[in-house]
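Participant: For reference, the sequence and a predicted model appear below.
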6 protein chains.
Amino acid sequence: VFDLFTFGETMLRLAAPHQQRLEQVTQLDVQVGGAESNVASNLARLGHQTGWFSRLPTQPLGRMVSRAIAQHGVDVSSVRWVDDARLGLYFLEYAPEPRGIHVLYDRKDSAMSQLTKDELPYDAIKQARWLHLTGITAALGASCAESVSAVIGFAHEHGVKVSFDVNYRAKLWSPEAAAATLAPLCAAADVVFVAARDAQALFGTQSIGIARDLSARWGNTVFVTQGDHPASACAGEAEVEAAPYTTTIVDRVGAGDAFASGVLHGLLSDKALEQCLRYGLALAALKLTIRGDVALVTRQELEEIVARKTSSAPRR
Amino acid sequence: VFDLFTFGETMLRLAAPHQQRLEQVTQLDVQVGGAESNVASNLARLGHQTGWFSRLPTQPLGRMVSRAIAQHGVDVSSVRWVDDARLGLYFLEYAPEPRGIHVLYDRKDSAMSQLTKDELPYDAIKQARWLHLTGITAALGASCAESVSAVIGFAHEHGVKVSFDVNYRAKLWSPEAAAATLAPLCAAADVVFVAARDAQALFGTQSIGIARDLSARWGNTVFVTQGDHPASACAGEAEVEAAPYTTTIVDRVGAGDAFASGVLHGLLSDKALEQCLRYGLALAALKLTIRGDVALVTRQELEEIVARKTSSAPRR
Amino acid sequence: VFDLFTFGETMLRLAAPHQQRLEQVTQLDVQVGGAESNVASNLARLGHQTGWFSRLPTQPLGRMVSRAIAQHGVDVSSVRWVDDARLGLYFLEYAPEPRGIHVLYDRKDSAMSQLTKDELPYDAIKQARWLHLTGITAALGASCAESVSAVIGFAHEHGVKVSFDVNYRAKLWSPEAAAATLAPLCAAADVVFVAARDAQALFGTQSIGIARDLSARWGNTVFVTQGDHPASACAGEAEVEAAPYTTTIVDRVGAGDAFASGVLHGLLSDKALEQCLRYGLALAALKLTIRGDVALVTRQELEEIVARKTSSAPRR
Amino acid sequence: VFDLFTFGETMLRLAAPHQQRLEQVTQLDVQVGGAESNVASNLARLGHQTGWFSRLPTQPLGRMVSRAIAQHGVDVSSVRWVDDARLGLYFLEYAPEPRGIHVLYDRKDSAMSQLTKDELPYDAIKQARWLHLTGITAALGASCAESVSAVIGFAHEHGVKVSFDVNYRAKLWSPEAAAATLAPLCAAADVVFVAARDAQALFGTQSIGIARDLSARWGNTVFVTQGDHPASACAGEAEVEAAPYTTTIVDRVGAGDAFASGVLHGLLSDKALEQCLRYGLALAALKLTIRGDVALVTRQELEEIVARKTSSAPRR
Amino acid sequence: VFDLFTFGETMLRLAAPHQQRLEQVTQLDVQVGGAESNVASNLARLGHQTGWFSRLPTQPLGRMVSRAIAQHGVDVSSVRWVDDARLGLYFLEYAPEPRGIHVLYDRKDSAMSQLTKDELPYDAIKQARWLHLTGITAALGASCAESVSAVIGFAHEHGVKVSFDVNYRAKLWSPEAAAATLAPLCAAADVVFVAARDAQALFGTQSIGIARDLSARWGNTVFVTQGDHPASACAGEAEVEAAPYTTTIVDRVGAGDAFASGVLHGLLSDKALEQCLRYGLALAALKLTIRGDVALVTRQELEEIVARKTSSAPRR
Amino acid sequence: VFDLFTFGETMLRLAAPHQQRLEQVTQLDVQVGGAESNVASNLARLGHQTGWFSRLPTQPLGRMVSRAIAQHGVDVSSVRWVDDARLGLYFLEYAPEPRGIHVLYDRKDSAMSQLTKDELPYDAIKQARWLHLTGITAALGASCAESVSAVIGFAHEHGVKVSFDVNYRAKLWSPEAAAATLAPLCAAADVVFVAARDAQALFGTQSIGIARDLSARWGNTVFVTQGDHPASACAGEAEVEAAPYTTTIVDRVGAGDAFASGVLHGLLSDKALEQCLRYGLALAALKLTIRGDVALVTRQELEEIVARKTSSAPRR
């Protein structure tokens, strides 16, 4: 019954408004965001049936997270509510260079980080066409990593395809530790999303031909983003490339998730590799203009942007 | 599959902040609210399966309404999306006496006011234990009134119980017109909610014994609220009364809907008449302390308040 | 007694703050704006006697509109107050490309759209040196279009000069319908303002030489703006061109009205065609840096910018 | 041509929001207010022709003041614009007792405090039915006090009636200095407004019978307010009393000016003494529910409140 | 060199604005507060030399805490900065009854909770006249409780007087556990502050005569507060009582700390027991009118309130 | 005991938010800022002992200034508190060109402008390694200029080094008057900071080689900034140049003070001339990304930026 099911940690995002430093704020902007729930929300908005699982604390902040995801039409009925637990938080400050963006995590010992593989909603998962996972969950601890590994096996047994977004977070683990854990997970997935800089840091690729290299290595489909440079995808013989849309960034958080969501929208709609890549780039560009983690767009808006792109040269 | 299904108009509420006059605002607070969706949302939060239907315009304001209701877990999948339509609005200004509260409706020709009875989601309705209706829908025009009348018959045919909240709105129609339309609808319902002042203005009751009078007249269960005075309920021989909880009002909009929701929570939980009345009063009191139309409380919070009440004299 | 008189619809502008999507707002920024009242306000600020007429509903939003215009010194005493009417609204969301700016009109059946030509304040109009009209009024319905047509004749009979701003709005009518109605109105005016893209879409001009072409066609003075490209003006033999000022846009709404206001300031001050064009470009550039529809500048500020321009090459 | 003309100092009001202390604010709420311009604005809103004069600095804050007053329809064309001058300011913090309300004046050497009697707009004044003055202007310095004295004589010569609001400000001068200056001005006016506590402190009245005492002393009409206690008025033999309306205070600033405005509305409408007093109390009560210095009400709202009062016992 | 030294945990306070529920906020108000730093700040504002110690994480939130305390003139130079640690947080929602106020702690494993007795700044402490401690620190864990116990002994050895505020927190420990730990600490202090309800729950006192009872039991000076009821103090034979000031509450957090601060101000100024109690009640009342944890008042303001009180009957 | 001591005027900054014009604001953002206190605050944050002196009015705005500076660890104990005085203010509006930035001073007769040389805290000054002064203080009046001149002599007598920031303010005095007063002060200082355009306007330098020219003229060390162009420094034979860091400006106020602070950080740390210049440029660039006058950065952040710069070509 699900086009896509996913699970992961969704945190409270507490951001300093108006480019202030955290030190000086008198108010914090409150948002909710997590890589996996962003994908579930984005796809639900585009008309797909999606479900999301996590461990959430039985208190107001846990309910805020649940409601924020349910509002887009995502099924949250399998969430496991936990007493006496905490919700992961992160504090955020934006700034132009040379100051740059700072993230201050306060997510240790969160409810979701205590996940064990026995708690996963296997009944829901086996009813899904796709299972979407990310490297962030694997970074939350040994038990979480084990859960991710186990569920991939389960998915394959039940004919559920697996997409995996590498999503390397330097504040959570070293490149070496990440590579050791993530490489087999990538190899076991049907589709992998990875940023070029992470491919180089973790998997030792060159700076060009990354999609082809990793696709050959893992025998699956790989999508590679590269900031302002063209993104690429490779699936066996097929290999395509497309330039990102130009935009002015309003909020960059969630753009990678929007890219994955756009691609998955293409895959769920049985589109060709190039069209999938275009959906990904278009949804990522739209997300960059939107505050918050979720790409608050309609299917019609997405299609219009993609159509525009197809009929003309990329505006770069 | 539904514990309760309902339909009606949900509008954008544009309120002047900080007790300003509408004339002087530079910002308006945006909320979403409608009597029926409030009930569906309140009950979903308390753990019941609810569904809501309306006609919504296919544009951002329509989507805002749909999401605001879905976040609480209400099923909105039967909503009928309409192109080239408008969403009903109302502007609100709060003030102490002698200025008082002013509502400025701008809801004419809204998408929902064009409802015809053929558009109702009969498949969903017949799967519900209860169907909840209000007099507001009946006030939106002849076609809407006809739909309400028709659906009550349909409900009875399919064994669905009907609750009806009179909800008289003086800005929409005269007491005489309202009485002519609403009296037969009340008589056809299983449970009726009515404010004492409306009972007097529309149905010519005395100022006391209203619940008994109307219950006898219509042969059903009647709940009567009376502001700071005790509320009452009558079902055949059974007749109970209870004093409201004392509180300081933060936002009075939606308190009547919270009362109905609390009572329905009792009915859905097979509670006795007095306990149903207490749930209604407790949820209404909690709602009065909360900004927005919906009673953002948990079942546990409600139970605690009701338990407190039972074990001690009402604090008045 | 009036240097310029004008009439038209002024709406409530409800804008999503901080580049949010309308779907996600919890507050809306409230402004008041209309092409004609913007011109009246801008010119009143620069020291000219101006008057504005409209039909306004007798309720708080109508009063907000009236006060917002009167504060700049515009005479609003001829406004016709109408009971049981609504004020036109529009919702606005700003965003960078590829999302772009979205306007959601909710102006149908507004008080002003019901205008009949008998209601126009002819006594005030015949005391004016200039009457300013726009194509928006003509787009509001047959009765409005007829009013515009009739008042031009009246103006000519009483020696009142007429300026006309084409102001094509694609959300209100098709290019064909607009062209059929507006072409004779333009031909009847003494001065016409038109954006290059509208000239091409409605009147079939080439992309260059637009001012000369239309001026010849209509036998009057034509001002053409072209975004970042040089603006031009043609009056018989005289033809001038000038580059716009560079700026960063804070709020683009009302920039076209500021251009017309600047030009009219020049005309009212008996300046040469080139100087009029410069006033227009300078006031438009200043407006782009100001929130709201009105160019909140002083005559001295305007003169300083224009002087700066004259004494040096345009900064482009 | 003026029903009432007035002049005085209008300042920028910088208030600490949300009951904060000035020490801790990161934002200040900006309003504009002055006793005389409040009266002119209130009466213009009720349909009377009013004009206001002051000296204002030729800079943005001066323009803010002028626009804030003009928006209500007050004629500000006689304002004298002064270069290199400053606008008077005051900082305000609200709090419950025992902290109470604090006003911090920063108005020394303001443009208006430099007024000389030669600068007054005598042409405008002599065209007015009433001239309204306050004791605040007399407190701004010797030259200002002299101007007030001189203009009363001028008014009487031209058949202009004079109303005078004592408005004692302890932060500006001592009771003795105020009494010496204000007593002859009161005696020369046709109508005087005074608070009971000021009457006692300045003019040595008893705590009861104040209106009769002062009316006898000065041979004119005297209105006395007394907070929550009944207000009174005396004109020769006629003597009336009325209780104020109960309300919850949103913003108390300007309530005294609203009282004077209500009374003057009655006088301009040729109402009897008691009705004038009722208008004063009703407008003051409405003002107490409104943010800012001006009573943002309509004539219809005022009449409704007054009618309510007349037909029932005062709600106290 | 210090009049008073203190140490304890100071947290980030994240409060839902405008009486919203935490579930629904889009912004949180940010404050800093801790019982001990509040006392240090209050006394520094009144002219005393104070110092504060804590363990703070070396990141922006830690710096925010440090700066917020230093701004009042408190010496924070002995703070111990800790890498890879977290700052304690709490989320707060205000509401009228029956909803009431909710505190959601997220302070587990905070930097300060890891305190060991070896880290205390003994050099600073021995230079102080008074050392102020609270029961909150003792509740943070065994190591913290041990530190509090050890430092009292150290203080006595060096002739430093000790004040102790019981400050029982039901969310941190049970009454039994608290009583076992706190009773000996109270007995070892020179001055103890305790709320009447805590005295009953922890130390089994009657509901009256609490100060006398505990003072006799511990052989020291005891101050007891009792909400709206009179507060009392007992030191040997001396026993006094005084009624609190009436006020409207703006923010109740920190009122108990203000009471202790006021009393300590009296003790530091060598005032009699009754005057100390009055200072405590006056500072607490002022604090209740002020947003944030600190009593942002001047010594002059405090003296004025106390003087007012002395010369008249308490306003209750 | 002080690494650096300084004195000067610190004002309340009242800024129009969101690029509004002052005319249209309903709120003003409140900050505190002054060239000298900015330097003291910046250096205190970087770990140096600093002190600041000024004359402040004994009222809430004076206390706000004192606290804002003390929070960074600056010693403000020598501030002279003055009754019946006012605090200097300035109003600020930001805008893109052609509107540009406007400052409206309201600082006449401020407490600090009444400074006499007898009031300076000579005891504190003689305990400092450096005394920092600016041309702004010298511009506040004859008595202030005399104080600056006198204190330089005092500093030299006591072995205190003097840094002087020219900081020419065109709204306070003419280039000629400034040059006459400031040239001898510059010549008497050990280190001078000057903007290239001021050097040309006041001291008649060429547009290149300014640092060398002035260093030779005055026999001291001179630092010259030049906006986006490379900054330079010259001390006898030594002459260095470095390009500024690229950034996007969030708030430009205080960037010059941050430059001086960075340089002084280098001098206090005994760094070479080039490293001092780099510190200055790095701190200025960081400040440009931060709201408010103070460079809210840590020493570690500064060192990271400077290190980045050293190891790669300047990003320009």
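Facilitator: Sure thing, it's come through.
Participant: and the residue nearest to residue A:196 when sequence neighbours are not counted, how far is that from residue A:285?
Facilitator: Nearest residue to residue A:196, sequence neighbours excluded (CB to CB, 6 or more residues apart in numbering or on different chains): residue A:226, at 4.1 Å. Every C-beta, even on glycine, is put in place using the N, C-alpha and C of the backbone. From residue A:226 across to residue A:285, the span is 14 Å (CB to CB, to the nearest Å).
Participant: For the stretch 1-150 of chain A, what lies in contact range of chain D?
Facilitator: Proximity of the stretch 1-150 of chain A to chain D, by CB under 8 Å from any CB of the partner chain, involves residues residue A:26.
Participant: All the strands of the stretch 1-150 of chain A, residue numbers only.
Facilitator: Secondary structure of the stretch 1-150 of chain A by DSSP state E, counting those that start in this stretch: the strands cover A:2-7, A:11-15, A:27-33, A:50-53, A:55-57, A:80-82, A:89-93, A:102-106, A:128-134.
Participant: Now for residue A:140, how many residues are close by?
Facilitator: 24 (other CB atoms under 10 Å in any protein chain shown).
Participant: Test my guess that it contacts residue A:34.
Facilitator: No - here residue A:140 lies out of contact with residue A:34, judged by CB atoms under 8 Å, at a distance of 11.3 Å.
Participant: so how many other residues sit close to the residue in the stretch 201-316 of chain A positioned nearest to chain B?
Facilitator: Of all residues in the stretch 201-316 of chain A, residue A:298 sits closest to chain B, at 7.7 Å by CB to the nearest CB. Neighbour count for residue A:298, taken as other CB under 10 Å: 16.
Participant: how much space between the residue nearest to residue A:196 and residue A:164?
Facilitator: 18 Å.
Participant: again with residue A:91
Facilitator: Residue A:91 is 28 Å from residue A:164, where distance means CB to CB.
Participant: Pick out whichever of those two has more residues nearby.
Facilitator: residue A:164 (28 against 22).
Participant: Tell me the helices and strands packed up against the helix or strand containing the more buried one.
Facilitator: In this structure, residue A:164 sits in strand A:161-165 according to DSSP states H and E. Counting contacts by 3 or more CB pairs under 8 Å, 6 or more residues apart in numbering or on different chains; DSSP states H and E, strand A:161-165 is packed against strand A:128-134, helix A:142-157, helix A:175-188, strand A:191-195, helix A:255-268.
Participant: for the lowest-mean-pLDDT helix or strand in chain A, packing partners?
Facilitator: Here the helix or strand of chain A ranked lowest by mean pLDDT, DSSP states H and E is helix A:299-310, holding a mean of 87. Applying 3+ CB pairs under 8 Å, 6+ apart, we find helix A:299-310 packed against helix A:273-288.
Participant: I'd like the distance between the residue nearest to residue A:253 when sequence neighbours are not counted and chain C.
Facilitator: Nearest non-adjacent residue to residue A:253, counting by CB to CB, 6+ apart: residue A:293, 5.6 Å away. Look at residue A:293 and chain C: by CB to the nearest CB, to the nearest Å, they are 12 Å apart.
Participant: what's the burial count for whichever residue of chain A sits closest to chain F?
Facilitator: Distances between chain A and chain F by CB to the nearest CB are smallest at residue A:96, namely 3.7 Å. Residue A:96 has 16 neighbours, counted by other CB under 10 Å.
Participant: Give me the pLDDT value at it.
Facilitator: According to the predicted model, the pLDDT of residue A:96 comes to 89.
Participant: next one: residue A:101
Facilitator: At residue A:101, pLDDT is 89.
Participant: Number of residues surrounding it?
Facilitator: Residue A:101, neighbours per other CB under 10 Å, totals 12.
Participant: tell me the contacts of it?
Facilitator: Residue A:101 makes contact with A:92-95, A:252, according to CB atoms under 8 Å, 6 or more residues apart in numbering or on different chains.
Participant: Phi first, then psi, for the closest residue to chain C within the stretch 201-316 of chain A.
Facilitator: The minimum distance from the stretch 201-316 of chain A to chain C, using CB to the nearest CB, falls at residue A:248 (3.7 Å). The phi and psi values for residue A:248, taken as degrees, to the nearest 10, are phi -110, psi 130.
Participant: ok, the contacts of residue A:101 vs residue F:168, which is closest?
Facilitator: For the contacts of residue A:101, the closest approach to residue F:168 (CB to CB) belongs to residue A:95, at 29.7 Å.
Participant: Excluding chain neighbours, what is closest to the residue of chain A closest to chain F?
Facilitator: Nearest residue to residue A:96, sequence neighbours excluded (CB to CB, 6+ apart): residue F:248, at 3.7 Å.
Participant: what's near enough to touch the one you found?
Facilitator: So residue F:248 contacts A:96-97, F:288-289 (CB under 8 Å, 6+ apart).
Participant: Let's have those in CSV, adding distance to residue C:9.
Facilitator: CSV is the format used below for the contacts of residue F:248 (distance: CB to CB, whole Å):
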residue, distance to residue C:9
A:96, 41
A:97, 46
F:288, 44
F:289, 44
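Participant: Would stretch A:36-50 count as contacting chain B?
Facilitator: No - counting by CB under 8 Å from any CB, chain B is not contacted by stretch A:36-50; separation bottoms out at 9.1 Å.
Participant: For that stretch, list the C-alpha coordinates in CSV.
Facilitator: What follows is stretch A:36-50, C-alpha atoms only, in CSV (Å, rounded to 0.1, in the frame of the first residue of the first chain):
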residue,chain,number,x,y,z
GLU,A,36,13.9,10.7,5.7
SER,A,37,10.7,12.5,6.7
ASN,A,38,11.6,15.2,4.2
VAL,A,39,11.6,12.6,1.4
ALA,A,40,8.3,11.1,2.7
SER,A,41,6.7,14.6,2.9
ASN,A,42,7.9,15.7,-0.5
LEU,A,43,6.6,12.6,-2.2
ALA,A,44,3.3,12.7,-0.4
ARG,A,45,2.8,16.2,-1.7
LEU,A,46,3.5,14.9,-5.3
GLY,A,47,0.7,12.4,-4.9
HIS,A,48,2.5,9.2,-3.7
GLN,A,49,1.5,7.1,-0.7
THR,A,50,4.3,7.3,1.8
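Participant: residue contacts, the closest residue to residue A:188 other than its chain neighbours?
Facilitator: With sequence-adjacent residues excluded and distances taken as CB to CB, 6+ apart, residue A:188 is closest to residue A:152, at 4.8 Å. Shown in contact with residue A:152 (CB under 8 Å, 6+ apart): A:131, A:133, A:162, A:185, A:188-189.
Participant: rerun at 7 Å
Facilitator: A:162, A:185, A:188-189 (CB atoms under 7 Å, 6 or more residues apart in numbering or on different chains).
Participant: Of the residues you listed, which is the nearest to chain E?
Facilitator: Minimum distance to chain E across the contacts of residue A:152 is 27.8 Å, recorded for residue A:185 (CB to the nearest CB).
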